[in-house]
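Visitor: next input, structure requested:
(3 chains)
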Amino acid sequence: MSTATADIHHDPVESNVNYLNASYGIKSWLFTVDHKRIGLMYLAVITFMFTIGGVAATLMRLNLVEPQGALVEPETYNKLFSTHGIIMVFFFLVPSIPATLGNFLIPLMIGARDVAFPKLNLLSWYLFVTGCGFAIFAILSGGVDTGWTFYPPYSSLYSHTPVVIMALGIFIAGFSSILTGLNFVVTIHKMRAPGMTWFRLPLFIWALYATSLIFILGTPVIAITLFLLGLERIFHVGIFDPAIGGDPLLFQHLFWFYSHPAVYIMILPSMGVVSELITAFSRKKIFGYSFIAFSSLAIAVISFIVWGHHMFVTGQSVYAGLVFSVLSFIVAIPSAIKVFNWTATLYKGSISYQAPMLYALGFIGLFTIGGLTGLFLASLATDVHLNGTYFVVAHFHYIMVGGALMGYLGGIHFWWPKITGRMYPDMWARIAAAIVFIGFNLTFFPQFVVGYLGMPRRYAVYPAEFQVLNVMSSAGASVLAVGYAIPLVYLAWSMRYGPPAGRNPWGAKGLEWTTLSPPPTENFDVPPLVTEDAYNYAHAGATHV
Amino acid sequence: MSDMAAHDAHAHPQGFAHQFEDAVQQKEAGTLGMWAFLVTEILFFGGMFTAYIVYRSLHLGGFIIGSHLLEVKFGATNTAVLICSSLTMALAIRSAQTGKSRGAIISWLILTMILGATFLVVKFTCEWYPDYLNHIVPGSYFGFEYRPEWGAHAPYVQMFMCFYFFMTGLHALHMVVGLGILTVLVIMTARNKFSSEYYTPLEISGLYWHFVDIVWIFLFPLLYLIGGRYPGS
Amino acid sequence: MIGLAQTGLQNLAAFALMPFQPPEASSIAGDVDKLYYLLTGITIFFGVLIFSIIFYFMVKYRRRSEDEIPPETHTSMALELTWTIIPSLICVGLFVWASALYVQESRPPASATEIFVIGKQWMWHLQHPEGPREINELHVPVNVPVKITLTSQDVIHDFYVPAFRVKKDALPGRYTSLWFDPTEIGTYHLFCAQYCGTNHGEMIGWVYVMSAKDYANWLAGGEKTESMAQQGERLFTQYGCVECHVAGGTGKAPSLAGLYGQPEKLASGETRVVDEALIRQAILVPNSVHVPNYQPIMPTYQGQLNEEQILDLIAYVKSLGSQERNGK
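Guide: Next up, the predicted model:
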């Protein structure tokens, strides 16, 4: 049986007992082991956490409109940027694509009924929610003011905020991601449908596999690091306290050993989404499949040996600086390879511009800029000037927001019809995508400039000469906020009023598009058998929308 | 772990879980999953081992003094106890594999639990509690004033004791979890969940137990045997 | 509101006149800027390249009918190698240039004058060896290289002068250093660039680069203070060090004359150069660095001396070294 897309015009309205209506009631959701329902439950929680992080960012940018602070005292501002960073990194970006789209799609894309360990999957969700609970409790208790980086001695000896509670929340959420990564690795290894060899897998799966390797290897280290920090705070014993023999830089090494690979956790899945979107909306096989697949693995591996580039100005030896600089340049190459391959995929394609494609193209552009600005930071001499300034802030927001978040939104839009069985209004979606793109650049481009001028980050107040650039950035942020609000509205609307989508509204290749929308609980009405490579558009029959 | 295979026990193998195609796939998945989990545990302990290595190389003098505060006889006894418990665990799995009776499997499991509990009892009563009484538990009551001979090494002796308690404490926590897992296995065996065809939970729990044993094998020399125990060292 | 609008307009005017870089006020600033502009050029080049190719493809290959299936294109190894090798070569070039500058930044010239800086929440203490102490301000003469030895009294801070393009963390319990050669007379921002708590954003100050004449006037004009070495000598007596560390080495502890900068074999067998870090360690954790032929009986001064006093003592020990070598 081939994976030819169904001709939906002639499908009868399919009687649809699907995963959404197979059982009703709150208990059927809270005790589900269906990966699709778990993915949706994650979607709800992380959207909520994103709102909290977004509110913090809004208040920060409002405050920065004036050099002496327009809104809050420095103490509050410090809590705002810490909360923003912690929530966005640990409780939004790290789980975002893996826990929502990954959970929903991996079994569908490989032709399995569920993940390898469905109950463990549910446990992961509960752990995540518990972690969020502790984080929110910490925020309500006043919030931490250590930055998301928690550097001692400030975080261990000087901060009077609920550091231990927040660290506990991150610790617990970390176990959620470890178990998710473990589940994905075993699922991808052992549960592929007949004929689904490694090199026929969609690139989204390769990307999530590489991400899961980082989950498994990196997250335990941040767990133990935060554990040690907590012990130091509670028992006043000096693992990181120089006065009693400890070394605060040891914390930084341990922290960044996870947190650098963590940024690749945040971007790799998004790159996987982009591979899917580019191929679907240009109806072409991906250019350089194995190059992109191996690039994902290479990024995962090399990401573990570049952490020292966060510490070029800490007084470590020049040799350490040289080594980490070389490795940081090397880790950039696989990402460049991907960008070129995606661009080449468009060549002689048949390109359409629905919202998911706009997000994918926006990703490529903004990720290119963000990635290239990373070279400024891998270069030792420029990093000395730029470390700790707004240049770094702009760089990582180009990757995290211009890259990862746009990929996430593109993926949500692309698979929305599969997840909900409904289509959303594409015109509104395109308008929102354009607003996001424009607002994003207005917000973060000025930050490159103000960073090179020397404005340090995490400043609640700043010299007056930087005001104009800060105001530009804050104005852009208001546009960006509008761009994020619009999808919440039409996506919610579509769940009730959107037209039914059918199995394959985009005419895309991939096992997930062969089954019903929404899929039945066991995923496939006909067990899949794979006989062709991924993205085999050129040899398909006619496709209809 | 495994689902209840109720009325279709003849249609599906024992303990079969429906997301899998067949029992072979299920067993392979379970085993791979446990190995992946143990890798995460290596990284988890690894963070602390790394911190230990760094500080030991910087402050060897204090670490030697700290190590000499520990009693090798208790550490060695516990090492022997744990190694025996790995043996009994392997024998429990072997019993299942060769189709021995429930009673045989349960006996070996319970023996493993007794040895594991012995380890914990020796640790708490012969080591940790006396350490507390002797003021070498880190924190406010650490006995600096009782030990002027430590001199400038004193802060690093406390640092060593931090690592001692953190690392053996984390290890003990894993032992307690292991005892919990063994309890569940005893109950499952008693309810006839295993046979020579299906004993995967026993096998992968064995992996976990052996891992916890191996962690101790590293901890023992690194904590108890620094600086040797010969006169003049 | 009107006041706000007025300041806003003033700041807008200042912005319009501002270039995209801080003043180039040190010997290395120009080189760092050139590297920065090269990086910017590369970014613009590849950004424009990718954007234009994508835009071109978007227009040229837009879908014209619902059923259209485009022809298959095949991966080209030549293309893959090209766009792997060219970026790699660019990276090599950037790495070499940036590293050369970085190595330069790590090697202060021997003729550099020294300034000692202690960061604490939320201010900078700066000590000239001749004696003057400054808070949040640093006066230096133009064209004289300066080496700053840096530490923190509490949490991690970071000493950053954008105009000089240099920055270094100030860490509690250890010394770090940076150097610069100020080439333009002027007034430049000094920032703390490592988050350090509530008033991190207010831990800022100014660096005044002055002509030689103005600097001499400034130095002479302040209240007469002892040099750091003189303060150190006083502390050396006050805290009883002089009782054991007798000149000639006949006391219970070795003489410190001529010691600074020399390699010294410790009782543990390792050899270390006597620098600021070793002297600090000897004061705070004495028996970790004791030397052969002397008993390890030095008491620790942890908690009795603050960072400024330790730096004064170090300056005194350094001055003993220069005495022995006849003022070199």
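Visitor: buried stuff in stretch C:237-253?
Guide: Within stretch C:237-253, the residues scored as buried using 16 or more other CB atoms under 10 Å in any protein chain shown are C:239, C:241, C:245, C:253. Every residue, glycine included, has its C-beta placed from N, CA and C.
Visitor: up against chain A, what does chain B have?
Guide: B:18-21, B:25, B:28-29, B:32-33, B:36-37, B:39-41, B:43-48, B:50-51, B:54-55, B:58-59, B:62, B:138-140, B:155-156, B:158-159, B:162, B:166 (CB under 8 Å from any CB of the partner chain).
Visitor: just the buried residues of these.
Guide: Taking 16+ other CB under 10 Å as the criterion, what is buried in those is B:19-20, B:25, B:28-29, B:32-33, B:36-37, B:39-41, B:43-48, B:50-51, B:55, B:59, B:62, B:138, B:155-156, B:158-159, B:162, B:166.
Visitor: how deep is C:Arg107 tucked in, by neighbour count?
Guide: 9 (other CB atoms under 10 Å in any protein chain shown).
Visitor: in a helix, it, correct?
Guide: No - in this structure, C:Arg107 is coil, not part of a helix, as judged by DSSP: H, G, I helix; E, B strand; the rest coil.
Visitor: for C:His290, give me the pLDDT.
Guide: In this model, C:His290 is scored at 79, pLDDT.
Visitor: my error: substitute B:Gly61 in the last question.
Guide: Per-residue confidence (pLDDT) for B:Gly61: 84.
Visitor: who's in contact with it?
Guide: Contacts for B:Gly61 (CB atoms under 8 Å, 6 or more residues apart in numbering or on different chains) come out as B:153, B:156, C:288.
Visitor: swap the cut-off to 10 Å and go again
Guide: Contact partners of B:Gly61, counting by CB atoms under 10 Å, 6 or more residues apart in numbering or on different chains, are B:150-153, B:156-157, B:227, C:268, C:287-288.
Visitor: and which of those is nearest A:Ala481?
Guide: B:Tyr156 (52.1 Å; CB to CB).
Visitor: pick out the residue of chain B closest to chain C.
Guide: Nearest residue of chain B to chain C, counting by CB to the nearest CB: B:Ala152, 3.9 Å away.
Visitor: pull stretch C:308-318 out as PDB, backbone CA atoms only.
Guide: Coordinates of each C-alpha in stretch C:308-318 appear next as PDB, following Å, rounded to 0.1, in the frame of the first residue of the first chain:
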ATOM      1  CA  GLU C 308      41.700  46.600  50.200                       C
ATOM      2  CA  GLN C 309      44.100  45.700  53.000                       C
ATOM      3  CA  ILE C 310      45.200  42.500  51.200                       C
ATOM      4  CA  LEU C 311      46.000  44.500  48.100                       C
ATOM      5  CA  ASP C 312      48.000  46.900  50.200                       C
ATOM      6  CA  LEU C 313      50.000  44.100  51.700                       C
ATOM      7  CA  ILE C 314      50.600  42.700  48.300                       C
ATOM      8  CA  ALA C 315      51.800  46.100  47.100                       C
ATOM      9  CA  TYR C 316      54.200  46.200  50.100                       C
ATOM     10  CA  VAL C 317      55.600  42.700  49.200                       C
ATOM     11  CA  LYS C 318      56.100  43.800  45.600                       C
END
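Visitor: still on that earlier bit, next, count neighbours for the residue of chain B closest to chain C.
Guide: 21.
Visitor: same check, this time on C:Leu39
Guide: Neighbours of C:Leu39 (other CB under 10 Å): 22.
Visitor: quickly note the distance from it to A:Ser379.
Guide: 7 Å (CB to CB, to the nearest Å).
Visitor: for A:Tyr24, same thing?
Guide: 58 Å.
Visitor: so which of those two has more stuff around it?
Guide: A:Ser379 (29 against 9).
Visitor: give me the pLDDT for C:Glu264.
Guide: Note on C:Glu264: pLDDT of 85.
Visitor: extract the C-alpha set from stretch A:31-50 and format it as CSV.
Guide: Provided in CSV are the C-alpha atoms of stretch A:31-50 (Å, rounded to 0.1, in the frame of the first residue of the first chain):
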residue,chain,number,x,y,z
PHE,A,31,-6.0,9.5,33.2
THR,A,32,-5.5,9.2,29.4
VAL,A,33,-2.5,7.4,28.0
ASP,A,34,-3.2,8.5,24.5
HIS,A,35,-0.2,10.4,23.2
LYS,A,36,-2.5,12.8,21.2
ARG,A,37,-4.5,13.8,24.3
ILE,A,38,-1.3,14.2,26.3
GLY,A,39,0.1,16.5,23.5
LEU,A,40,-3.0,18.6,23.8
MET,A,41,-2.8,18.8,27.5
TYR,A,42,0.8,20.0,27.2
LEU,A,43,-0.4,22.6,24.6
ALA,A,44,-2.8,24.0,27.1
VAL,A,45,-0.3,24.3,29.9
ILE,A,46,2.6,25.7,27.9
THR,A,47,0.3,28.3,26.3
PHE,A,48,-0.6,29.4,29.8
MET,A,49,3.0,29.5,30.9
PHE,A,50,3.9,31.5,27.7
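Visitor: do any residues in that stretch lie close to chain B?
Guide: Yes - against chain B, stretch A:31-50 shows contacts by CB under 10 Å from any CB of the partner chain at A:33, A:35.
Visitor: list the buried residues in that stretch.
Guide: Neighbour-count burial for stretch A:31-50 [16+ other CB under 10 Å]: A:32-43, A:45-46, A:49-50.
Visitor: and C:His125, that one's in a helix?
Guide: No - assessed by three-state DSSP, C:His125 does not belong to a helix; its assignment is strand.
Visitor: can you tell me the element the closest residue to it other than its chain neighbours falls in?
Guide: Spatial nearest neighbour of C:His125, chain neighbours left out: C:Ile118 (4.4 Å); criterion: CB to CB, 6 or more residues apart in numbering or on different chains. Per DSSP states H and E, C:Ile118 falls inside strand C:113-120.
Visitor: now swap in A:Lys119 and tell me
Guide: Here A:Lys119 is assigned to helix A:118-140, by DSSP H and E.
Visitor: what helices or strands is the helix or strand containing A:Ala57 leaning on?
Guide: Element membership for A:Ala57, per DSSP H and E: helix A:35-63. Using 3 or more CB pairs under 10 Å, 6 or more residues apart in numbering or on different chains; DSSP states H and E, the elements in contact with helix A:35-63 are helix A:26-30, helix A:74-88, helix A:96-97, helix A:103-110, helix A:118-140, helix A:163-190, helix A:406-420, helix A:467-497.
Visitor: ok, B:Ser67 - contacts?
Guide: Taking CB under 10 Å, 6+ apart as the test, what B:Ser67 contacts is B:56, B:157, B:160-161, B:164, B:221-229.
Visitor: what is the subsequent helix or strand relative to the top helix by length along chain A?
Guide: Of all segments of type helix in chain A, defined using DSSP state H, the longest is helix A:248-282. Next in sequence after helix A:248-282, counting helices and strands by DSSP H and E, comes helix A:289-302.
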